[in-house]
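Peer 1: Starting from these lines, generate the structure:
(one chain, ligands or ions: 1)
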Amino acid sequence: TNLPLPPGPRGKLFSGVKDQLPKSEPWKTYAQWGANYGGPILCFRVYNRLTVVLNTRAAVHDLFGSRADIYSGRPMSWMYGVICGRANSIFNIPASHPRHKIYRRLLQRGLGPEAVKTYAPNLEDEAGVLIRGMQHTPEQYEKHIRRNAAAVIMKVAFGYPISDEDDPFISVAEQASKISGWALAPGRWLVDYWPILRFIPSWFPFAHFKRQGSEWRSTLNFLSDIPHNWVKSQIAAGTNIPSFTSQLLRPEMAEEAEDIVKWSAGALYAGAADTTVSATISFVMLMALHPAVQKRAQAEIDSITSGIPQFADVYRLPYLLAVLKEVMRYAPVANLALPHQVTQDDTYAGYRIPAGATIVPNVYAILHDAETYPDPFLFDPDRFVAGAGPAQPDPGKYIWGFGRRTCPGIRFAEPVLLLNMASILYHFTISRNSKAHVVVEFTTGITSHIKPFGIHLTPRHCEEMKS
Ligand code: HEM
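Peer 2: Okay, here's the model as predicted:
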């Protein structure tokens, strides 16, 4: 068609806007560009690849919702997919690939409400470990939160017990998430724009990316291969604990089928570890900043639990659920969700969107739009309390991604977060160390959380004060 591309910065002839891409919080820049250029969508080029950013609810709904058939692809990342060996993962595989459906089916079963109920004892045990850690070394709360996320998902995926805070799976998870962010950074790897470069031999002077890629590949493989083989050895020895992997593995399984199990279980870890950590850290920080919200949530928890919060309690805490929604709105875990790719030429709002363009939903912009969420930079769970004011859209429509790529971990992540939040607030009051004004800052990456500042955890029950 003759329609123009969506508006946006045009940048330089050869590299496009590569040098204008911000190093931190790109979602804020994209929202700003959106406002500067007007229109619901924005477009820019880096070398030879186009990105279209969707800055509004309507655009996300119209394209990712109504046209999900052609908007559920993933942009090909040669650095991450091919050089780092992640092409087969559910996060990267095209939606048209038969494996995508198979992965999603397995994950939906393993993360559905029925399966999640069977994980309850494990989740309660791990919440207990988290609390004990916070009692003994409260200043290391971040470490305890990371340990909890890794331990929960390693149990679910592999039946693997995380022993202590130095277990390599905790640090590797954090590292893997960082590696993913670096390897997927737009404009950073020329091979993403000229894939022929992947054939350069590793020893070549300009082939730093290949040496870096193979190092990252080993770290990322560690996450999937080691625990998978560990489950196999446990099964062979007859000592395995039931897990996502052990339930799917069969003796004499075809190589392809086993590979599917391995990648699916690897996705559990990749999807869960860093996301739930980010949400929990932001929650702790926000509680320290909002004592009245905290008190109200504690009163609700105290009113329904006769002791330590149990898994069965979590959906009986409507205010806590409103707090979680507001944490996720105020500090979205994935501000740009994950990029999609449009697989056919399309038109929208008088603009042309060419097949192959990367489509980025600006979840941050949507959740901080003053028309949808009045006073958007105010943290206020009442937005989601029935009857407390005009209803505001549930951020759950945006924070979990879109279309055929919507996060398969929702039914698992939400109750796990609620249980941990309830446990933390039941046992502690969180306060700031200093009365000085705190400027809330965020980390940058595929996932993001509020940057920790000094906090204090005061035990709420006398027996805890003594221990
Ligand atoms: C606070 C917690 C979480 C948040 C905010 C979150 C958010 C997201 C988002 C935004 C996407 C991208 C969707 C898209 O491309 O449109 C995604 C994908 C995914 N998430 Fe989550 N997630 C969370 C927890 C989890 C957990 C606990 C698991 C697994 C146990 C998980 C597994 C996955 C997988 C496998 C995908 C890839 C889906 C695909 O490409 O088809 N996530 N998640």
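
Peer 1: Which residues of the stretch 101-250 of the chain lie near the ligand?
Peer 2: Residues of the stretch 101-250 of the chain found near the ligand (CB under 6 Å from any ligand atom) are 104, 107, 111. Just so you know, the C-beta spots here come from the backbone N, C-alpha and C atoms, and that holds for glycine as well.

Peer 1: Just list the residues touching the residue nearest to the second one when sequence neighbours are not counted, thanks.
Peer 2: Spatial nearest neighbour of residue 107, excluding adjacent residues (CB to CB, 6 or more residues apart in numbering): residue 408 at 4.3 Å. Residues near residue 408 by CB atoms under 8 Å, 6 or more residues apart in numbering: 104, 107-108, 111, 271.

Peer 1: what pLDDT does the residue nearest to the spatial centre of the chain get?
Peer 2: In the chain, the centroid-proximal residue (CA atoms, centre = their mean) is residue 275; its distance is 3.7 Å. You'll see residue 275 listed with a pLDDT of 94.

Peer 1: Tell me how far it lies from residue 58.
Peer 2: Taking CB to CB, to the nearest Å as the measure, residue 275 falls 26 Å from residue 58.

Peer 1: longest helix anywhere in this structure?
Peer 2: When the chain is parsed with DSSP state H, its longest helix is helix 255-289.

Peer 1: ok, and what's touching the helix or strand just after that helix?
Peer 2: Going down the chain from helix 255-289, the next helix or strand is helix 291-304, by DSSP states H and E. Helix 291-304 is contacted from outside by 286-287, 309, 313, 316-320, 323, 379, 381, 421-422, 425-426, 429-431, 460, using CB under 8 Å, 6+ apart.

Peer 1: List the buried residues in the helix or strand just after helix 291-304.
Peer 2: Counting by DSSP H and E, the next helix or strand C-terminal to helix 291-304 is helix 318-330. Going by neighbour count (16 or more other CB atoms under 10 Å), the buried part of helix 318-330 is 319-330.

Peer 1: Output the residues of the stretch 101-250 of the chain next to the ligand as CSV; include the columns secondary structure, pLDDT and neighbour count.
Peer 2: Shown next, in CSV, are these (DSSP: H, G, I helix; E, B strand; the rest coil; pLDDT from 0 to 100; neighbours: other CB atoms under 10 Å):
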residue, secondary structure, pLDDT, neighbour count
104, helix, 96, 18
107, helix, 95, 21
111, helix, 93, 22
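
Peer 1: As TSV, those with distance to residue 261 would be great.
Peer 2: TSV is the format used below for these (distance: CB to CB, whole Å):
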residue	distance to residue 261
104	14
107	11
111	15
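
Peer 1: Poorly predicted segments of this protein, please.
Peer 2: Residue ranges of the chain with pLDDT under 70: 463-467.

Peer 1: again, 50 this time
Peer 2: Within the chain, the stretches with pLDDT under 50 are 467.

Peer 1: Just give the nearest non-adjacent residue to residue 432, would you?
Peer 2: Per CB to CB, 6+ apart, closest to residue 432 is residue 288, 4.9 Å.

Peer 1: Could you report the neighbour count for that neighbour?
Peer 2: For residue 288, the neighbour count with other CB atoms under 10 Å is 22.

Peer 1: My guess is it contacts residue 434. True?
Peer 2: No - judged on CB atoms under 8 Å, residue 288 makes no contact with residue 434 at a distance of 10.6 Å.

Peer 1: Any idea how far apart the tips of stretch 304-314 sit?
Peer 2: With CA to CA, to the nearest Å as the measure, stretch 304-314 spans 10 Å from end to end.

Peer 1: Okay, buried residues for it please.
Peer 2: Buried positions in stretch 304-314, judged by neighbour count with 16+ other CB under 10 Å: 305, 309-311, 313-314.

Peer 1: is it possible to export those to a markdown table including distance to residue 206?
Peer 2: Shown next, in a markdown table, are those (distance: CB to CB, whole Å):
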| residue | distance to residue 206 |
| --- | --- |
| 305 | 61 |
| 309 | 56 |
| 310 | 58 |
| 311 | 54 |
| 313 | 58 |
| 314 | 53 |
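
Peer 1: could I get those as a markdown table with distance to the ligand?
Peer 2: Listed next are the buried residues of stretch 304-314 as a markdown table, based on distance: CB to the nearest ligand atom, whole Å:
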| residue | distance to the ligand |
| --- | --- |
| 305 | 23 |
| 309 | 19 |
| 310 | 20 |
| 311 | 15 |
| 313 | 20 |
| 314 | 15 |
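
Peer 1: ok, so of those, who is nearest residue 453?
Peer 2: Ranked by distance to residue 453 (CB to CB), those are led by residue 309 at 26.3 Å.

Peer 1: so which strand or helix has residue 429?
Peer 2: strand 428-432.

Peer 1: How far away from the center of its chain is that strand?
Peer 2: Centroid separation between strand 428-432 and its chain, computed with CA atoms, centre = their mean, to the nearest Å, is 26 Å.

Peer 1: Stretch 121-128 now?
Peer 2: On CA atoms, centre = their mean, the centre of stretch 121-128 falls 22 Å from the chain's centre.

Peer 1: what's the answer for stretch 47-67, then?
Peer 2: Centroid displacement of stretch 47-67 relative to its chain, using CA atoms, centre = their mean, is 19 Å.

Peer 1: Please apply the same query to stretch 401-421.
Peer 2: Mean C-alpha position of stretch 401-421 versus that of the full chain (CA atoms, centre = their mean) differs by 9 Å.

Peer 1: can you pull the buried residues of that stretch?
Peer 2: So, applying 16+ other CB under 10 Å, buried residues of stretch 401-421: 401-409, 411-421.
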